[in-house]
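# Provide a 3D model corresponding to the input given below.
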Amino acid sequence: MPSMLTPSIKQFKLLDFLNDLKQLTKFGLSISVVFSSIAGYLLGATIINYEILILLALGGYLMVGASNAFNQVIEIKQDALMKRTKTRPLPTGRLSKNSALFIASIFTILGLTILYHINPKTAFFGALSIFLYTSVYTPLKTVTPLAVFVGAFPGAIPFMLGWVAATNHFGIEAGVLFAIQFLWQFPHFWAIGWLLDDDYKLAGFKMLPMGTKDKKLAIQIILYTFAMILVSVYPVLGLTGQLKLSVVAAILTVLPGLLMLYYGLKLRSVQTAIIARNLMLSSVFYITMIQIIFVVDKFLR
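Residues are numbered from 1 along each chain as shown. Model prediction:
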């Protein structure tokens, strides 16, 4: 009987570990970041090199996963206080701090090695992203709302990272891709901050610019959303080097932006969690759609 049970027990433990690994590396978030990088690569590539595409996806996932793992190691105590995070592997003790650090370190080394194999610039921006996220953004979250501003830098790197992987060059094109995702961070994370304000306060996180959910915050969300839309359609003017956008694609890009703007304006007049949630969901829809629109537009032109 023991010999019959042993394989299933081992299999069960392996599945548990893989599930904990998914939570430690925030699998869903990491995949969305990889999606952004691939979109950036497809925009920058003249000829698609599938080997580089695979390396970018793998290296990007490892780097983002490492950032998330280091973040959870640093925030074990805070995660234990919040309803949303208290069942994560580290607060529950399913995974030890040393094990998480080992995983994060291995992911960092492997991720950097893979990105360096693409080109040194890609590895540099990957390393910069993980450094800013873990060493600057994470500690600042309990100190100042400016943490969101700092966190917007590593958060904006993936889209332009793909372009750099494809071209080995950082110019106006990569800068515009960076700017789009940088400005997008603010309405997106402030919407999340609005929804999770009570949880964040329990952990001592200062995620809202003035610490309160009010009209002033909604106005800032509206301003950043408007600026994001303008930057997103800027390539239609033909002033952004090899990054181009047709008039039709520019119009399609504006539409999901107007949806975000609508919920931002709605939040100014009706400060409810439902509107904040709709804003957050519309922001996810926006960043996904514009990346698809940019790529499809390139290959249809």
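
# so, low pLDDT: which residues of this structure?
Along the chain, the model assigns pLDDT under 70 to residues 1-12.

# all helices of it, in order?
2-24, 27-44, 50-74, 76-81, 89-92, 97-118, 120-131, 138-140, 147-167, 172-195, 197-203, 215-233, 247-269, 273-300 (DSSP state H).

# would you turn these into a markdown table with mean neighbour count?
Heads up, the C-betas are built off the backbone N, CA and C, glycines and all. Formatted as a markdown table, the helices of the chain follow (neighbours: other Cβ atoms under 10 Å):
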| stretch | mean neighbour count |
| --- | --- |
| helix 2-24 | 12 |
| helix 27-44 | 21 |
| helix 50-74 | 22 |
| helix 76-81 | 17 |
| helix 89-92 | 19 |
| helix 97-118 | 18 |
| helix 120-131 | 20 |
| helix 138-140 | 17 |
| helix 147-167 | 24 |
| helix 172-195 | 23 |
| helix 197-203 | 16 |
| helix 215-233 | 19 |
| helix 247-269 | 18 |
| helix 273-300 | 18 |
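
# with distance to Thr240 added, can I get these in JSON lines?
Below are the helices of the chain laid out as JSON lines (distance: least, Cβ to Cβ, whole Å):
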{"stretch": "helix 2-24", "distance to Thr240": "37"}
{"stretch": "helix 27-44", "distance to Thr240": "11"}
{"stretch": "helix 50-74", "distance to Thr240": "22"}
{"stretch": "helix 76-81", "distance to Thr240": "40"}
{"stretch": "helix 89-92", "distance to Thr240": "43"}
{"stretch": "helix 97-118", "distance to Thr240": "23"}
{"stretch": "helix 120-131", "distance to Thr240": "19"}
{"stretch": "helix 138-140", "distance to Thr240": "32"}
{"stretch": "helix 147-167", "distance to Thr240": "11"}
{"stretch": "helix 172-195", "distance to Thr240": "5"}
{"stretch": "helix 197-203", "distance to Thr240": "37"}
{"stretch": "helix 215-233", "distance to Thr240": "10"}
{"stretch": "helix 247-269", "distance to Thr240": "12"}
{"stretch": "helix 273-300", "distance to Thr240": "11"}
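
# which among those helices is found nearest to Leu239?
helix 172-195 (7.9 Å; Cβ to Cβ).

# tell me what angle the closest one forms with helix 215-233.
160 degrees (axes from the mean of the first three to the mean of the last three Cα atoms, to 10 degrees).

# how about helix 172-195 as CSV, C-alpha atoms only?
Coordinates of each C-alpha in helix 172-195 appear next as CSV, following Å, rounded to 0.1, in the frame of the first residue of the first chain:
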residue,chain,number,x,y,z
ILE,A,172,12.3,58.1,-29.6
GLU,A,173,10.3,54.9,-30.4
ALA,A,174,11.2,53.1,-27.2
GLY,A,175,10.7,56.4,-25.3
VAL,A,176,7.2,56.8,-26.5
LEU,A,177,6.3,53.2,-25.6
PHE,A,178,7.8,53.8,-22.2
ALA,A,179,5.8,57.0,-21.8
ILE,A,180,2.5,55.4,-22.7
GLN,A,181,2.9,52.7,-20.1
PHE,A,182,4.3,55.1,-17.5
LEU,A,183,1.3,57.5,-17.7
TRP,A,184,-1.1,54.5,-17.7
GLN,A,185,0.3,53.3,-14.3
PHE,A,186,-1.2,56.2,-12.4
PRO,A,187,-5.0,55.8,-13.2
HIS,A,188,-4.5,52.0,-13.0
PHE,A,189,-2.8,51.9,-9.6
TRP,A,190,-4.9,54.7,-8.1
ALA,A,191,-8.0,52.8,-9.0
ILE,A,192,-6.5,49.7,-7.3
GLY,A,193,-5.5,51.9,-4.4
TRP,A,194,-9.1,53.2,-4.1
LEU,A,195,-10.5,49.7,-4.1
